[in-house]
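Colleague: pasting the sequence and the predicted model now:
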Amino acid sequence: MSRLKILHLNDGDLDDPRIVNSAITGKKAGYDVFFCGTNKSVPLNTDAFKEKLKIDFVRKAKFAKPLASFLNYWPWYPYPREARILERQLKSVISQIRPDLIHAHNIFAGRYASSLGIPMVLDDHELYSVEVRAEYDKATRLKTKVKAKLKGKQWAAFEHKLGRKHPIITVSEGIADHHRQYCQNVFVVPNYPRLNEMKSTNLTKATNGKVQSVYLGRDPVLNPSSFRDISHLNVIFSDRKHVGNLARIGVAGPTTPTIKSFGLVRMVDAYRIMQEQCHIGLVPWRRHWFHKYCVPNKVYEYAHCGLWLITIDDLHPVINDFGSLCDTFGNYEELSSLLEYYNTHTDELNEKRLRSLKHAQTNLVWEKVEHKILEAYRTA
């Protein structure tokens, strides 16, 4: 008897650990696992996939829909040409693999896969219909606001149509509650690391006056995202004398006496830097209404690297996972005070880091939640 085939379909490339972790779960369960995406950047290394196939998922295809055959080459919105091209590519992939189930990552891949007549689960990483409104809620140009509203409306329609037909897997209870309004089968699988992905670590102990915090991410200080606003972060470590130092992983600058930027590095190198050089992991965003949906991967990576988490106080999905094993702040003055405290109370900091690490290794691991992926497959 042949093994069941699972096709992971993404509108981007293979640069998301969530896709790899899901594939490993499927492989362990006895499935043959395949990937299809754009392959535009260096993918994550994994042997989970039996085969990787490439498609051209252009940006316009996210908004496109086919029209009557004589309008197939209409060049303007709703871009029927791009829809038809992508549909042909997907049908070619399906004819090669003949999957028993499609694991579609995000709504753009999901809406095309849904029409193929194959059982499918939607894995919603981002909640794009709401995120697009959050991203542009402070925009000043009317044209930008109108575009964001139209995108949100269209993408919400995609979500409703998919959720009424297919199970949905997602990353947080906030997003899950959003989908439960129209979908009967919703599964929450947070982006925890796999057990063997984060090696056990011996803490590099902090010493008084030499505490180093880290922010992992490509977010810019100038012109930041509305809900990942770190615009004042560098100022804290430039203007305050007793907050310790800052490491930035993911950006090339700045580098000053108190701030060191490592640029964009492989995740294995990011983990090594955090384990060997850092003591506190920061989520130094300004408060935003969209945070009730957000679960950034970095908080779990911090914990597994032996760092103490300090996060903005409205990131409730994260705070629920960590409980008392993190500190929260409401503004940058509170954040500065916490950093000053730990810079002179390092014995307490090191003890808290150890408790957080043990909690992460016991509870915040992919293996604790991966069974829900297989449950979703069974309901498809």
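Modeller: Thanks, I have it.

Colleague: quick one, what contacts the nearest residue to residue 22 once chain neighbours are set aside?
Modeller: Computed as CB to CB, 6 or more residues apart in numbering, the closest residue to residue 22 that is not its neighbour in sequence is residue 373, at 5.6 Å. For glycine as for every other residue, the C-beta is placed from the backbone atoms N, C-alpha and C. Each residue near residue 373 by CB atoms under 8 Å, 6 or more residues apart in numbering is listed here: 22, 25-26, 169, 187, 189.

Colleague: same question, residue 359
Modeller: Contact criterion CB under 8 Å, 6+ apart gives 303, 322, 325 as the residues in contact with residue 359.

Colleague: got it, and residue 199?
Modeller: Residue 199 neighbours (CB under 8 Å, 6+ apart): residue 271.

Colleague: can you pull out the strands in the stretch 101-250 of the chain?
Modeller: 101-105, 120-124, 168-170, 186-188, 212-216, 245-249 (DSSP state E, counting those that start in this stretch).

Colleague: any figure for the gap between residue 55 and residue 10?
Modeller: Separation of residue 55 from residue 10 (CB to CB, to the nearest Å): 9 Å.

Colleague: which neighbours do these two have in common?
Modeller: With CB under 8 Å, 6+ apart as the test, residue 55 and residue 10 both reach 36-38.

Colleague: want to try JSON lines for the residues you listed, with distance to residue 81 and neighbour count as columns?
Modeller: Converted to JSON lines, the shared contacts of residue 55 and residue 10 look like this (distance: CB to CB, whole Å; neighbours: other CB atoms under 10 Å):
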{"residue": "36", "distance to residue 81": "21", "neighbour count": "27"}
{"residue": "37", "distance to residue 81": "21", "neighbour count": "23"}
{"residue": "38", "distance to residue 81": "18", "neighbour count": "16"}
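
Colleague: which one in those is the model shakiest on?
Modeller: Among those, residue 38 carries the weakest pLDDT, at 89.

Colleague: neighbours of residue 118, how many?
Modeller: Residues near residue 118, counting by other CB atoms under 10 Å, number 15.

Colleague: quick one, phi/psi of it?
Modeller: phi -120, psi 140 (degrees, to the nearest 10).

Colleague: could you measure from it over to residue 166?
Modeller: 11 Å.

Colleague: ditto for residue 140
Modeller: Residue 140 is 38 Å from residue 166, where distance means CB to CB.

Colleague: of the two, which one has the most company?
Modeller: For residue 140 versus residue 166, neighbours defined as other CB under 10 Å are more numerous around residue 166 (21 against 7).

Colleague: tell me who's in contact with the more buried one.
Modeller: By CB under 8 Å, 6+ apart, residue 166 lies in contact with 110, 114, 120-122, 183, 380.
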